[in-house]
Every structure is written in structure tokens, then in C-alpha cells.
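Visitor: What shape does this take:
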Amino acid sequence: MARAAPARGAALVLLTVGCAFAVAAAPAVTWQRAHATFYGGADASGTMGGACGYGNLYSTGYGTHTAALSTLMFNDGAACGQCYKVACDRELADTRWCKPGGACGYGNLYSTGYGTHTAALSTLMFNDGAACGQCYKVACDRELADTRWCKPGVTVTKTATNLCPPNHALPSDNGGWCNAPRLHFDMAQPAWEKIGVYKGGIIPVMYQRVPCEKRGGVRFKIDGHDYFNLVLVFNVATSGSIKSMDVKISDSNDWAPMARNWGANWQSLANLTGKMLSFRLTDTEGQTLVFHNIVSSGWKFGQTFTSSLQFN
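Guide: So this is what the prediction gives:
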């Protein structure tokens, strides 16, 4: 499969569809297939303005998570401001051009410390990313399962690192395993084969949420742009997941709230560039930690900072 060239022609229909804040949940819909290219340069400066009339996308709050839509999708402007969740289609794409990591944003699960004992959660369990990083102990349910496909006396503990999207074209008991309100773990195969026999394919399980065990401190990776900063929070022990996050810059005494953008990524629309940063995190069990000056001044996008603090 040939790699797609940058979409210079996409500038003809400039549409902002990125949503910085989710105000209300949209009805569940099935995933659809399309294609994606890119334009606007590495700093996204070429995406400013456009056919929706939003002008400077930073000052109007849209940032760089935006897209220009094809004529049919644009629908004479009716789609302006709509939000779309997009993922690389690994079934159809050349896998060289797909980035791994899933809907939590953890990227390479080896380098971020999660390994292969991971799972994608069904929509209800994923909870718009609030479950990212949580840990679950899972065992085959021998009361309900065909015993040919259960491995007895074995449990596996895995981390939620992805969303298993619904497929409303199929019934929830025959292919639409992740349709709401079904509870489902789409597990990494090495983890699944700890408790089930490969040929079985799908098995009923029993599970419980358990504390996450991590080595070292909480880590922060900074991405985004000058006026649209994303901070990935990972390697979180105990609860595994973050409920709220605040940031404080070196020349201020005030904490500014951050918002979950997607998965385990938190955003700030303030200009944090060049500032020494402190973060305040509260996990989903209510424990709060303050990471004073964890990010040094002069930091660069793409850098990861490791703390010496950890939740317990």
C-alpha cells in the first residue's frame, strides 16, 4: 500500500471539527470507514481560518485537533463544529503507518511499562477514558463457560489501555461483544491465553478491580502546541487512573484546572511553553499528590518527565 501524500488540496475546504471539551455525550454509533491525510505544516499554522469561519483556532478554543472534511461530509457547512473520534484502521492500513497505543494514548505499551497484560474495555466500562490505567484481575467463569475453553485455577491481572468500540451492526451475543450495556474485556492475546484456550475465542469471565503495581514514580509526557498543551499521565499505581489534574507555572501561585481531552491525556489551553511546571493530581480513589517543578523550564514537546512520587 502506498503511503498517502500530504493533502494539500484539503485546504480548499477548511473545517474545524476538533472538540477541546466534551459538553454532552453523543448517542452511541457504529464505527465507519474513511481515509485520512494531513495538511497545514508541523505547527498546524496552515489550518487557521477556513470555510467554517472560526478564524484563529487557538483564540476560538479549537487548537490543533481539527480536520477539513470532504464535500459529502462537510454538507454545505452543516458539519462545522461536529466532533469525531478517529483511529487508524489496522485491518485495512499498511501497519507501518499505524501508531499503536489505543484510545488511552499510552503509545508503545512496552516503553510505557504496560506490556502485554492489557485489555480494551467495552464502552460502558471505558467511561470516556476515565478507566484508562485501571487494573483488573480476571478468571474464566467455570460455572458458565464450556469447560473445554477454561484454564482452571488461574487468574490474570491486566491494565485497561484501550477502548473496544461497539459494532451495532451485529448483535451483542454474536460479534457485537463490546456493544452497550455489555461488559467486555478485549484482552491482549498473551493475557487472554493465561485463562482461556485459544480455540474457544470468547469465554465468560469473573473479574474484580485490583490495585495497580508500578515501578518508579508517575510519569508525564508533554505533547501538543504552544496554545494547546496535552499531558499524558502514565505509570500510575494503586487506582491506576486520574480523576482530576491541575497545573501551576513557575511565575504564578495559582493552580489552573486541566481537562481530560482523550484517554489519559489532559489538556491546558494556557501558554505553558518555556515555563517550569508543577502538576497536582487526584486519583479516582481521592488521593492527591503534588509534583512540584516536575517539568523543567525550556522543555520540548515530546519529552517525558519521571517523578519520584507514587500513589499508594
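
Visitor: Spatially nearest residue to residue 53, not counting backbone neighbours?
Guide: Excluding its sequence neighbours, the residue lying closest to residue 53 (CB to CB, 6 or more residues apart in numbering) is residue 80, at 7.9 Å. Bear in mind the C-beta positions are built from the backbone N, C-alpha and C, glycine included.

Visitor: What's the local residue count around that neighbour?
Guide: Around residue 80 there are 17 other residues, counting by other CB atoms under 10 Å.

Visitor: backbone phi and psi for it, please?
Guide: phi -60, psi 130 (degrees, to the nearest 10).

Visitor: looking at it, it is touching residue 52, isn't it?
Guide: Yes: applying CB atoms under 8 Å, one finds residue 80 in contact with residue 52, separated by 3.9 Å.

Visitor: okay, and for the stretch 51-200 of the chain, where does confidence drop off?
Guide: 90-91, 95-101 (pLDDT under 70).

Visitor: again, 90 this time
Guide: Applying pLDDT under 90 to the stretch 51-200 of the chain flags residues 51-103, 107-113, 116, 152, 165-177, 179-181.

Visitor: which residues of it fall in strands?
Guide: Assigned by DSSP state E, counting those that start in this stretch, the strands in the stretch 51-200 of the chain fall at 118-121, 135-140, 156-163, 185-187.

Visitor: okay, those in a markdown table with mean neighbour count next?
Guide: Below are these laid out as a markdown table (neighbours: other CB atoms under 10 Å):
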| stretch | mean neighbour count |
| --- | --- |
| strand 118-121 | 23 |
| strand 135-140 | 22 |
| strand 156-163 | 25 |
| strand 185-187 | 21 |
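
Visitor: out of these, which comes closest to residue 194?
Guide: Smallest distance to residue 194 across the strands of the stretch 51-200 of the chain (CB to CB): 4.1 Å, for strand 156-163.

Visitor: residues making contact with that closest one?
Guide: Residues outside strand 156-163 that contact it (CB atoms under 8 Å, 6 or more residues apart in numbering): 101-104, 106, 109, 114, 117-121, 123, 125-126, 129, 131-139, 185-188, 191-192, 194-195, 210, 212, 240-241.

Visitor: what about residue 166, distance to residue 136?
Guide: From residue 166 over to residue 136 the distance is 20 Å, taken as CB to CB, to the nearest Å.

Visitor: Please enumerate the helices of the chain.
Guide: Secondary structure of the chain (DSSP state H): helices at 71-74, 123-126, 189-195.

Visitor: Residue 274 is nearest to which of these?
Guide: helix 123-126 (35.3 Å).

Visitor: List of residues touching that closest one?
Guide: 28, 103, 120, 131-132, 160, 163-166, 178-185.

Visitor: out of the residues you listed, which are buried?
Guide: Buried subset of the contacts of helix 123-126 (neighbour count, 16 or more other CB atoms under 10 Å): 103, 120, 131-132, 160, 163-166, 178-179, 182, 184-185.

Visitor: how's this protein carved up into domains?
Guide: Using automatic domain parsing, the domain ranges for the chain come out as 1-98, 102-210, 219-306.

Visitor: Could you dump these into JSON lines with distance to residue 312 added?
Guide: Putting these into JSON lines (distance: least, CB to CB, whole Å) gives the following:
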{"stretch": "domain 1-98", "distance to residue 312": "31"}
{"stretch": "domain 102-210", "distance to residue 312": "14"}
{"stretch": "domain 219-306", "distance to residue 312": "6"}
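
Visitor: can you pull the contacts of the spatially closest residue to residue 306 that is not a sequence neighbour?
Guide: For residue 306, ignoring the flanking residues on the chain, the nearest one in space by CB to CB, 6+ apart is residue 219 at 5.0 Å. Residue 219 sits next to 112, 233, 234, 235, 304, 305, 306, 307 when contact means CB under 8 Å, 6+ apart.

Visitor: wait, isn't the second one in contact with residue 243?
Guide: No: in this structure, residue 233 is not within contact of residue 243 by CB under 8 Å, at 11.2 Å.

Visitor: Pick out whichever of the two has more residues nearby.
Guide: A count of neighbours by other CB under 10 Å puts residue 233 above the other of residue 233 and residue 243, at 24 against 15.

Visitor: And the pLDDT for that one?
Guide: We have a pLDDT of 97 for residue 233.

Visitor: for the one 3 residues further on, same thing?
Guide: The predicted local confidence for residue 236 comes out at a pLDDT of 97.
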